[in-house]
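1. okay, predicted coordinates and the sequence, questions at the end:
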Amino acid sequence: MDLTGKLLIAMPGMGDPRFDHSVVYICSHGEDGAMGLIVNKPSDLRVKTLLGQLNIPCQIPIVGERLVHFGGPVELSRGFVLHSSDYDANLHSLHVAGDFSMTATLDVLEDIAAGKGPLNAMLMLGYSGWGPGQLEEEIGLNGWLTAEATSKLVFDLPDDDKWEAALATLGVDPLTLSANAGRA
């Protein structure tokens, strides 16, 4: 089962506090493993501060006030932009699925700062990665639920609402979830 373009929803009792109540957008999934970005964990770092560190002038004040997100615990100094597919950074963007693309080059940051970037975008530092079979094993151990990704859920909802909203797409009430896996 290919989970590219899907959401992972962290189950209670996952065991890794970095993923507590996380919603992860899966950018790639295959026999070599999986890569995703957490879409509901903002950091304290503002976009204007990050752009300033990269010597990129921010011409759009509202963009500069947004928060950079924690994309996951791997390569925390590496940046990624999850964005709508209306933008392609000189053919450097990876179209993931539906209305989602990802770019990891500086030109997307320059375009966002100049107001020429994608309609929807989230800047992330770090990513979430799994080796071959690791994600499937975690799902089997009741670590994650999977759901369809929507642009509204990923880009429009407040970060604090995304976990419950993702569960709601499956008809799941967070109060009914258990941290224990079972066998019937």
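-> In hand now; what should we look at?

2. which regions of the chain sit below the pLDDT cut-off?
-> Scanning the chain for pLDDT under 70 picks out 89-91, 175, 177-184.

3. secondary structure class for C58?
-> Taking DSSP: H, G, I helix; E, B strand; the rest coil as the rule, one finds C58 in the coil state.

4. give me every residue that touches the closest residue to it other than its chain neighbours.
-> Spatial nearest neighbour of C58, chain neighbours left out: G64 (4.2 Å); criterion: CB to CB, 6 or more residues apart in numbering. Placement of C-beta: from N, CA and C, glycine included. Listed by CB atoms under 8 Å, 6 or more residues apart in numbering, the contact set of G64 reads 46-48, 51, 58, 113.

5. let's see it at 7 Å
-> Going by CB atoms under 7 Å, 6 or more residues apart in numbering, G64 touches 46-48, 51, 58.

6. which single one of the residues you listed is nearest to T169?
-> Nearest to T169 among the contacts of G64 is V47, at 28.0 Å by CB to CB.

7. name the residues of stretch 65-78 that are buried.
-> Going by neighbour count (16 or more other CB atoms under 10 Å), the buried part of stretch 65-78 is 66-72.

8. no, scratch that, I was asking about stretch 46-65
-> 46-48, 50-51, 56, 58, 60, 63-64.

9. and for stretch 161-181?
-> Residues 162-163, 165-167 are the ones in stretch 161-181 that count as buried (16+ other CB under 10 Å).

10. secondary structure for those - can I get that in CSV?
-> As requested, the buried residues of stretch 161-181 are exported to CSV (three-state DSSP):
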residue, secondary structure
K162, helix
W163, helix
A165, helix
A166, helix
L167, helix
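
11. nearest to M124 among the residues you listed?
-> Closest to M124, out of all of these and judged by CB to CB, is K162, at 14.1 Å.

12. nearest spatial neighbour of that closest one, chain-adjacent residues omitted?
-> Leaving aside its sequence neighbours, K162 sits nearest to N40 (CB to CB, 6+ apart; 4.0 Å).

13. the one you found: how many residues sit nearby?
-> 25 (other CB atoms under 10 Å).

14. tell me who's in contact with it.
-> Under the criterion of CB under 7 Å, 6+ apart, the neighbours of N40 are 22-23, 159, 162-163.

15. farthest pair within these?
-> S22 and D159 (10.6 Å).

16. and these two? Which one has more around it.
-> S22 (24 against 15).

17. partner residues bridging the nearest residue to the more buried one once chain neighbours are set aside?
-> Nearest residue to S22, sequence neighbours excluded (CB to CB, 6+ apart): A10, at 4.4 Å. When bridges are called by DSSP bridges, A10 pairs up with W144.

18. now for A10: which residues touch it?
-> Contacts of A10 by CB under 7 Å, 6+ apart are 19-22, 144.

19. give me the buried subset of those.
-> 19, 21-22, 144.

20. would you quantify the distance from L7 to T169?
-> The gap separating L7 from T169 is 8 Å, by CB to CB, to the nearest Å.
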